[in-house]
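Chemist: sequence-free structure coming up:
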């Protein structure tokens, strides 16, 4: 027999680590006097005798065993791995004559536990253990009589876990579905399952965590920490086998949801891991031996990033004879509009940089921030930094926190910056010949927190246009002493 008898436990001669096997040794004894009767159980390496478990059964024995019994090992909870159990009846054992000599049977029962040692593997190739026993006595002229017991084969689970998040991209307030699948590809049942997924409180709104589904026989809970929360699925001790176990070839699915927190940062890449543990013995056995297993999996989640778009809004020359479209003349201002679209998130020190082309310069005090329709909040007017010369870039920095409210409305996640660049009177700006005009390309980028830019706009070009002046002079022959000149 074995100690594990539940509906999901091992059967027959298959044993798990920590499982206790009960062996029975039956010895046929002759009538008469036997000096120092000795029975030895040969314990295989990887198993240990449970001290105190020996039971001597004399129901089928007529006579009297020696009064003193010496049993080794006899100290502690367990014998050593592979330590033989030796039972000696010191003195004379006297067996009475009976009409049926075959009824003189002495039986011993003892327990041996499968130890949690590296050599005990229950996966292919599995370890096979054989227990044998012998009987002898003092002065025996023959070798001890040996019997080989039935072999036992070790089995064990092989647990795995997978994790998926859907969607795997989002921003503050979005609901994320996390699916965890526990598997057992081994040869035995896994017990005392514990699945734990630690969620960062800066990434997920811990108050929004909700269990969606789990198998029968498990309980769901959340364990708060200083800055995060652990989602836990555990075997329900009140449910019992086999609902709260993971049998060989079985898989179990656990699903919960959580919303992304307001504090997520644009473009951030978060890796989140789940841990899974189980063991080989249902709850805890009498000797405290079992093998524990751990496995883990992770998945990634990306926060939507910032996007910037640039357009030429207008130019300063608007008369009927002035330049039109994307043509600018020397001294003319070009007004650009930068549209910044942000994910619902919290952004530190939002920075917009404009790459001013050589031949243009930023016009001081021309900055206008347009927040019409913007559902977030800026920390105030931007700080504007530029050296103000030809081709000197200009940077707009919103020092502090820009918060885009997590209302799941993408239509109110944008604001705009308008500013002017002046077309300079420099030698490189020429525009007298159509098709050979100087093109002034301009683009902008957006960043935050001192990190490199996360997005750059498309290039917006303006072309320099200037007049090409000419004059001709014609002098007519003199008539009546008058010379006529046409210009």
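Modeler: Now that the structure is in, tell me what you want to look at. Keep in mind it's a predicted model, so treat the numbers as computed, not measured. Residues are numbered from 1 along each chain as shown.
Chemist: which residues does the residue most central in space within the chain contact?
Modeler: The residue lying closest to the centre of the chain (CA atoms, centre = their mean) is residue 273, at 1.8 Å. Going by CB atoms under 8 Å, 6 or more residues apart in numbering, residue 273 touches 163, 197, 198, 296, 297, 298. Just so you know, the C-beta spots here come from the backbone N, C-alpha and C atoms, and that holds for glycine as well.
Chemist: just checking, the fourth one touches residue 161?
Modeler: Yes - counting by CB atoms under 8 Å, a contact exists between residue 296 and residue 161, whose distance comes to 6.5 Å.
Chemist: between these two, which contacts overlap?
Modeler: Listed as contacting both residue 296 and residue 161 by CB under 8 Å, 6+ apart are 274, 275, 276.
Chemist: just give the number of residues close to the second one.
Modeler: Applying the criterion other CB atoms under 10 Å, we find 15 residues in the vicinity of residue 275.
Chemist: so it is in which element?
Modeler: Here residue 275, judged by DSSP states H and E, is contained in strand 269-279.
Chemist: in whichever helix or strand residue 177 is part of, what counts as buried?
Modeler: Here residue 177 sits within strand 175-184, counting by DSSP H and E. Residues of strand 175-184 classed as buried by neighbour count (16 or more other CB atoms under 10 Å): 176, 178, 179, 180, 181, 182, 183, 184.
Chemist: ok, so what distance separates the fourth one from residue 471?
Modeler: Going back to what we said before, that points to residue 180. 85 Å (CB to CB, to the nearest Å).
Chemist: now residue 386
Modeler: For residue 386, the distance to residue 471 equals 41 Å [CB to CB].
Chemist: so if I had to pick from those two, which one is more boxed in?
Modeler: More crowded of residue 386 and residue 471, by other CB under 10 Å: residue 386, with 16 against 5.
Chemist: pLDDT weak spots in the stretch 201-350 of the chain?
Modeler: 321 (pLDDT under 70).
Chemist: swap the cut-off to 80 and go again
Modeler: By pLDDT under 80, the low-scoring segments of the stretch 201-350 of the chain are 227, 321-323.
Chemist: roughly how far is stretch 399-418 from the heart of the chain?
Modeler: 30 Å (CA atoms, centre = their mean, to the nearest Å).
Chemist: first to last residue in that stretch, what's the distance?
Modeler: One end of stretch 399-418 to the other measures 18 Å (CA to CA, to the nearest Å).
Chemist: pull out the buried positions in that stretch.
Modeler: By 16+ other CB under 10 Å, the buried positions in stretch 399-418 come out as 402, 403, 404, 405, 406, 413, 414, 415, 416, 417, 418.
Chemist: who's in contact with residue 87?
Modeler: Residue 87 neighbours (CB under 8 Å, 6+ apart): 38, 39, 40, 41, 54, 56, 69, 70, 71, 108.
Chemist: check which helix or strand it maps to.
Modeler: strand 85-95.
Chemist: give the pairing partners of that strand; include direction for each.
Modeler: Within its sheet, strand 85-95 is paired with strand 32-42 (antiparallel), strand 63-64 (antiparallel), strand 68-72 (antiparallel), according to DSSP bridges.
Chemist: which of those strands is buried the deepest?
Modeler: strand 32-42 (a mean of 18; mean count of other CB atoms under 10 Å).
Chemist: buried stuff in whichever helix or strand comes after that strand?
Modeler: Note on strand 32-42: by DSSP H and E, the next helix or strand toward the C-terminus is strand 47-49. Across strand 47-49, burial judged by 16+ other CB under 10 Å covers 47, 48, 49.
Chemist: what's the answer for stretch 441-450, then?
Modeler: Using 16+ other CB under 10 Å as the burial criterion, the residues of stretch 441-450 that qualify are 442, 443, 444, 445, 446, 447, 448.
Chemist: average pLDDT for it?
Modeler: The pLDDT scores in stretch 441-450 average 95.
Chemist: list the contacts of that stretch.
Modeler: Contact with stretch 441-450 is made by 265-266, 306-308, 310, 336, 338, 340, 347-357, 360, 402, 421, 453-462, as judged by CB under 8 Å, 6+ apart.
Chemist: report the buried members of those.
Modeler: Using 16+ other CB under 10 Å as the burial test, the contacts of stretch 441-450 include 265-266, 306-308, 310, 336, 338, 340, 347-357, 360, 402, 421, 455-457, 460, 462 as buried.
Chemist: so of these, which ones are in strands?
Modeler: Among the buried ones among the contacts of stretch 441-450, the residues falling in strands (DSSP state E) are 307-308, 310, 336, 338, 340, 347-355, 360, 402, 421, 455-456, 460, 462.
Chemist: distance of the closest residue to residue 375 other than its chain neighbours from residue 373?
Modeler: Spatial nearest neighbour of residue 375, excluding adjacent residues (CB to CB, 6 or more residues apart in numbering): residue 412 at 3.1 Å. Using CB to CB, residue 412 is found at 6 Å from residue 373.
Chemist: show me where the stretch 101-250 of the chain has its strands.
Modeler: For the stretch 101-250 of the chain, the strands defined by DSSP state E, counting those that start in this stretch cover 105-114, 128-129, 132-136, 145-148, 152-154, 159-166, 169-170, 175-184, 191-200, 204-213, 218-224, 228-235.
Chemist: so what are the sheet partners of the fifth one and their directions?
Modeler: This points to strand 152-154. strand 14-15 (parallel), strand 128-129 (antiparallel).
Chemist: if I pick residue 291, what's in contact with it?
Modeler: Listed by CB under 8 Å, 6+ apart, the contact partners of residue 291 are 16, 17, 18, 116, 156, 279, 280.
Chemist: follow-up on the earlier one: from the contacts of residue 273, list the buried ones, please.
Modeler: The buried subset of the contacts of residue 273 - by 16+ other CB under 10 Å - is 163, 197, 297.
Chemist: tell me the one among those residues nearest to residue 225.
Modeler: residue 197 (12.5 Å; CB to CB).
Chemist: my guess is the closest one meets residue 231, correct?
Modeler: Yes - applying CB under 8 Å, one finds residue 197 in contact with residue 231, separated by 4.4 Å.
Chemist: now for those two: what residues contact both?
Modeler: 178, 256.
Chemist: about what we covered before: just put the strands of the stretch 101-250 of the chain in JSON lines and tack on distance to residue 327.
Modeler: Below are the strands of the stretch 101-250 of the chain laid out as JSON lines (distance: least, CB to CB, whole Å):
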{"stretch": "strand 105-114", "distance to residue 327": "88"}
{"stretch": "strand 128-129", "distance to residue 327": "90"}
{"stretch": "strand 132-136", "distance to residue 327": "103"}
{"stretch": "strand 145-148", "distance to residue 327": "103"}
{"stretch": "strand 152-154", "distance to residue 327": "85"}
{"stretch": "strand 159-166", "distance to residue 327": "51"}
{"stretch": "strand 169-170", "distance to residue 327": "42"}
{"stretch": "strand 175-184", "distance to residue 327": "50"}
{"stretch": "strand 191-200", "distance to residue 327": "53"}
{"stretch": "strand 204-213", "distance to residue 327": "52"}
{"stretch": "strand 218-224", "distance to residue 327": "63"}
{"stretch": "strand 228-235", "distance to residue 327": "58"}
